[in-house]
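Q: Got a predicted structure plus its sequence, pasted below:
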Amino acid sequence: MSGFNPLVLKWDGETKVIQPHHMLRAIAAVEEIITLHEIGIFQKRGTAPMARIAQAYGALLRYAGFQVSDDEVYAGMFADQGMAGATAVAFIHQVMVPPESMLKAALKGQSEPGKSVEVEGSLSKASIKQPSQGSGSRRKSSGG
């Protein structure tokens, strides 16, 4: 049993799922670029190196099987007047912390055990949301 939930990623109209037993490898790909500790520091001070955030987000997307460059991810972060950048930082943090730990730390209950986390649209339109009851965990994995 994994301490993670399925992660549903959407990019450019395509959907891919990283299954729980692959999440640690996905996190390792992100940590090659940025660590959880650094993300926490960025969230506290309210600023982050957006190029590194784009690289980390791109690594996660590529791990899932998307053909996307860091340049495309970076450009997407500015397409929504910088709001997607803050979303990307929060999302990467949420991905890296097992859901049980998030619940125990009472981080607003954004993730519950057994439910997938879903990211919609391109990064410029990214949002983190819980799928409706029963969706997400039954989706066919097309990557990761």
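A: Everything's here; your move.

Q: who touches residue 42 in this structure?
A: 48, 49, 89 (C-beta atoms under 8 Å, 6 or more residues apart in numbering). Backbone N, C-alpha and C define where each C-beta goes, glycine included.

Q: Then residue 26?
A: Contacts of residue 26 by C-beta under 8 Å, 6+ apart are 7, 18, 60, 63, 64, 95, 144.

Q: Kindly reformat the residues you listed as a markdown table and extend each row with distance to residue 73.
A: Output for the contacts of residue 26, formatted as a markdown table (distance: C-beta to C-beta, whole Å):
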| residue | distance to residue 73 |
| --- | --- |
| 7 | 16 |
| 18 | 17 |
| 60 | 9 |
| 63 | 13 |
| 64 | 13 |
| 95 | 15 |
| 144 | 17 |
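
Q: so where's this protein shaky on pLDDT?
A: Where the chain drops to pLDDT under 70, the residues are 1, 80-83, 102-144.

Q: Can you list the residue ranges for helices in it?
A: 23-31, 36-45, 50-64, 70-78, 83-96, 99-104 (DSSP state H).

Q: Quick one: those as a markdown table, columns for distance to residue 13 too.
A: Converted to a markdown table, the helices of the chain look like this (distance: least, C-beta to C-beta, whole Å):
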| stretch | distance to residue 13 |
| --- | --- |
| helix 23-31 | 21 |
| helix 36-45 | 28 |
| helix 50-64 | 13 |
| helix 70-78 | 14 |
| helix 83-96 | 17 |
| helix 99-104 | 27 |
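
Q: and residue 12, which of those helices is closest to it?
A: helix 70-78 (8.8 Å; C-beta to C-beta).

Q: What are the buried residues along stretch 27-43?
A: Using 16 or more other C-beta atoms under 10 Å as the test for burial, stretch 27-43 gives 27, 29, 30, 33, 34, 39, 42.

Q: Could you work out the most separated pair of the residues you listed?
A: Maximum pairwise distance in those, criterion C-beta to C-beta, is 18.7 Å, between 29 and 42.

Q: thinking residue 68 is in contact with residue 11, fair?
A: Yes. Here residue 68 reaches residue 11: they are 6.0 Å apart, a contact under C-beta atoms under 8 Å.

Q: anything in contact with each of those two?
A: With C-beta under 8 Å, 6+ apart, residue 68 and residue 11 have common neighbours residue 61.
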